[in-house]
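# Generate a structure from the sequence data that follows.
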Amino acid sequence: MKNSLYIAKISGIKIFIHWSFFLLIAWIVISSIRDGNDFLQTILSVAFILTIFCCVVLHELGHALTAKKFNYITKDIILLPIGGMARINELPENPKQEFLIAVAGPIVNIVIALILFPFINWAQINPASLEKFVISGSNFIFSLFAVNLSLAVFNLIPAFPMDGGRVFRAVLSIWMNRVSATAVAARTGQFISFIFLIFGILYNPVLALIGVFIFITAKAENDEVKSKYFLHNYTVNDAMSHHYYKLDKTATIKEAAKLLIDVDPSDFLIVDNEKIVGTLSSDEIIKALVEKGEGVKVEEAMNSKVKFITKDIALDEVMKVLTDGKEKIMPVMDNNNVIGTVDMNNILKLIMVSSASQKHSASKVEEEILQS
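Coordinates of the predicted model:
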């Protein structure tokens with residue numbers, strides 16, 4: 001993953017640390033030294049944060065492994081300064097499955113807290129150190145216990161798309177369709193994000209960052225769900241472009257780049273004696289120019305794993321593949337002949353045109369009602 005360091009693979013799931021995570025470690029070290037703590041105290045503080053993030057990994061694995069039980073694939077887990085994120089390819093629309101996947105993470109934190117509880121030496125806990133949150137050997141386990149309970153409770157706040165928000169949507173989906181349930185959960189999440197933002201500005205900047213993150217991601221996921229259900233009523237035939245560009249596999253990247261400028265195609269179909277053997281996107285052209293030079297053949301830069309589709313496939317299914325990022329353009333076949341292509345631009349244009357038409361129709365109906 002870009003801008004991230006690969007650290008491990010568990011049950012086939014890759015785990016990454018985002019580069020900004022190391023800024024958190026640096027900030028902890030600097031803060032500890034500035035507060036006059038000795039070397040051992042600084043090491044304990046860093047060890048405590050690293051241990052917390054181990055618990056965060058287990059939390060995200062709870063989501064990922066539960067999703068795996070329902071045959072949903074987790075791309076990876078990434079650790080950020082504000083927490084972790086398991087990127088699951090596709091979230092289930094079954095409310096029960098979504099509920100179980102969402103609640104699995106907080107349950108892991110509760111289990112960790114229960115495991116730690118017998119090892120807490122209550123007699124050695126210094127209330128003064130807890131008040132200043134100074135980590136020591138005597139309160140290390142108790143602090144870890146308290147953090148895990150806090151993580152469980154915090155994640156169950158119904159601020160979509162946090163775990164609690166997904167639980168909230170799953171419950172709402174029992175009584176309403178997924179689009180409406182997502183809209184209600186997203187608005188609730190954005191309202192809570194404003195509360196986080198206010199308290200964050202007043203007391204804790206991290207809470208403000210979480211508030212901003214929730215607001216943005218809630219809107220993005222709400223838009224994604226609306227688009228998906230909007231596209232379910234359309235087929236590939238509705239978004240297909242009959243004008244596409246072909247390049248022979250022996251052409252050079254320089255030639256592809258010239259066409260990219262001259263005729264402005266986003267993607268090419270690569271052929272060998274008129275047989276499609278690959279696709280080439282503008283991103284792949286630029287990457288090849290940087291890494292291999294303009295003299296390299298397009299067959300060395302193309303995506304050779306072409307996915308062919310037919311014109312009657314539901315467009316939301318195609319959207320899933322294109323959103324995944326591995327495919328940029330998909331040839332549409334009919335009787336073994338290419339009749340067109342579909343890419344993300346085609347779908348976005350269809351959404352814009354259809355939405356505009358629907359708004360016009362709605363305004364006309366409203367006008368007629370007012371006139372009557």
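
# how about residue 172, what does it touch?
Applying C-beta atoms under 8 Å, 6 or more residues apart in numbering, we find residue 172 in contact with 180-181, 184-185. Using the backbone N, CA and C atoms, a C-beta is placed for each residue, glycine as well.

# Also residue 67?
Contacts for residue 67 (C-beta under 8 Å, 6+ apart) come out as 73-74, 86, 88, 92, 101.

# From residue 260, how far out is residue 244?
Here the distance between residue 244 and residue 260 works out to 14 Å (C-beta to C-beta, to the nearest Å).

# which ones among the contacts of residue 67 are found in helices?
residue 101 (DSSP state H).

# And the furthest pair within the contacts of residue 67?
Farthest apart among the contacts of residue 67 by C-beta to C-beta are 86 and 92. That separation is 13.8 Å.

# Buried subset of the contacts of residue 172 as a ChimeraX selection?
Those of these that count as buried under 16 or more other C-beta atoms under 10 Å are selected in ChimeraX with:
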select :181,184,185
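
# so is residue 16 in a helix, a strand, or just coil?
Recorded secondary structure, residue 16: strand (DSSP: H, G, I helix; E, B strand; the rest coil).

# Run through the bridge partners of it.
Beta-bridge partners recorded for residue 16 (DSSP bridges): residue 6, residue 78.

# hang on, the earlier thing: top of the contacts of residue 67 by number of neighbours, please.
residue 101 (28 neighbours; other C-beta atoms under 10 Å).

# I'd like the distance between that residue and residue 196.
23 Å.

# Break this protein down into its domains, please.
Domain assignment for the chain by automatic domain parsing gives 4-231, 236-346.

# Which positions within stretch 288-300 qualify as buried?
Neighbour counts over stretch 288-300 (16+ other C-beta under 10 Å) mark 288-289, 296-299 as buried.

# Now tabulate those in TSV and tack on distance to residue 6, secondary structure and pLDDT.
Output for the buried residues of stretch 288-300, formatted as TSV (distance: C-beta to C-beta, whole Å; DSSP: H, G, I helix; E, B strand; the rest coil; pLDDT from 0 to 100):
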residue	distance to residue 6	secondary structure	pLDDT
288	24	helix	90
289	27	helix	91
296	28	coil	90
297	31	strand	92
298	30	helix	90
299	29	helix	90
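
# For these, which two are the farthest from each other?
Of all pairs in those, the most separated under C-beta to C-beta is 289 and 299 at 15.4 Å.

# Identify the single longest helix in the protein, thanks.
helix 39-69.

# Buried residues of that one, list them for me.
Of all the residues in helix 39-69, those buried under the rule 16+ other C-beta under 10 Å are 41-42, 44-46, 48-49, 51-53, 55-68.

# what's the distance between the residue nearest to residue 91 when sequence neighbours are not counted and residue 165?
Among residues not flanking residue 91 along the chain, residue 98 sits closest, at 6.3 Å (C-beta to C-beta, 6 or more residues apart in numbering). Distance, residue 98 to residue 165, by C-beta to C-beta: 11 Å.

# These two: who's more crowded?
The neighbour count for residue 98 versus residue 165, taken as other C-beta under 10 Å, is higher for residue 165 (26 against 22).

# Show the model's pLDDT score for the more buried one.
pLDDT for residue 165: 94.

# gap between it and residue 221?
Counting by C-beta to C-beta, the gap from residue 165 to residue 221 is 9 Å.

# What of residue 340?
Distance of residue 340 to residue 221, given as C-beta to C-beta: 30 Å.

# quick one, strands of this structure?
With DSSP state E as the criterion, the chain has strands at 4-10, 13-18, 74-80, 83-88, 246-248, 267-272, 275-281, 309-310, 329-334, 337-343.
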